[in-house]
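Participant: curious how this folds, go ahead:
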Amino acid sequence: MNLKVVGVAAFLSAGLLLSGCKSAPELTPANALALIQAKYDQTAPVGANIILSDLGMRQGAAAKYWSRTIIYPNKVWADFTLTPDGKKVIALTGGGNVIQWRPENADDKNYSLIVTTVAANHLKAHDVTNIQDDPTGKGASFTESVDLTGVPAALQDIAHNPGNKLSTKRQAEFVLDGGAWKLQSIQ
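Facilitator: Have a look, this model is predicted:
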């Protein structure tokens, strides 16, 4: 009889012990995306860098963001001054309001400059995939994109020219903290 009582007690104790163990909550793509985007939304908004190639320079001149003010004797170099509309939409990386266009020759297709949009936005995360266990928690791949909200259509067209990179594949690492998933880092 004592053996049966001890067996039942052991069985009930094991059941209570197992029911008290909780497994980690599932990290879904939607949960991971929400954690990543929350991190981006907490950081300061930034302007998007746009590479200006010859095509972009012509598009910007057509949009009246800048106008040519000096053409040099070699007929390749020129200075372009930002117009009032141009000052509202871009900032030059070196400051000032003059774009100094200095390609090596008339056929130089590799020459470019970088400008930054005045409209500042938070980065956007999307397409979370490949959630896997790793030694410290979980990892997931996602796409990080530049947000061009508030950027005029003509400048958005320039931003979509070849050479500009508007999205990047990233890796996020998550750790379990107090029974909930927390974003640890983005690489």
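Participant: where in the chain is pLDDT low?
Facilitator: Flagging of the chain using pLDDT under 70 yields the residue ranges 1-23.
Participant: can you pull out the strands in it?
Facilitator: With strands called from DSSP state E, the chain shows them at 46-52, 66-71, 78-82, 90-92, 98-101, 113-121, 124-134, 137-145, 167-177, 180-186.
Participant: partners of the shortest one, with directions?
Facilitator: Partner strands and pairing direction for strand 90-92 (DSSP bridges) are strand 113-121 (antiparallel).
Participant: just the last one next, same as before
Facilitator: Within its sheet, strand 180-186 is paired with strand 167-177 (antiparallel), according to DSSP bridges.
Participant: same question, the fifth one
Facilitator: Partners of strand 98-101 in the sheet, by DSSP bridges, are strand 78-82 (antiparallel).
Participant: the strand it pairs with: which residues count as buried?
Facilitator: Using 16 or more other C-beta atoms under 10 Å as the test for burial, strand 78-82 gives 78, 80, 82. For glycine as for every other residue, the C-beta is placed from the backbone atoms N, C-alpha and C.
Participant: next one: stretch 140-156
Facilitator: For stretch 140-156, a neighbour-count test (16+ other C-beta under 10 Å) marks 140, 142, 144, 146-148, 151-152, 154-155 as buried.
Participant: is it possible to get JSON lines of the residues you listed that adds distance to Glu173?
Facilitator: Below are those laid out as JSON lines (distance: C-beta to C-beta, whole Å):
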{"residue": "Ala140", "distance to Glu173": "8"}
{"residue": "Phe142", "distance to Glu173": "12"}
{"residue": "Glu144", "distance to Glu173": "14"}
{"residue": "Val146", "distance to Glu173": "22"}
{"residue": "Asp147", "distance to Glu173": "23"}
{"residue": "Leu148", "distance to Glu173": "28"}
{"residue": "Val151", "distance to Glu173": "31"}
{"residue": "Pro152", "distance to Glu173": "37"}
{"residue": "Ala154", "distance to Glu173": "39"}
{"residue": "Leu155", "distance to Glu173": "35"}
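Participant: please consider this matter closed, and thank you.
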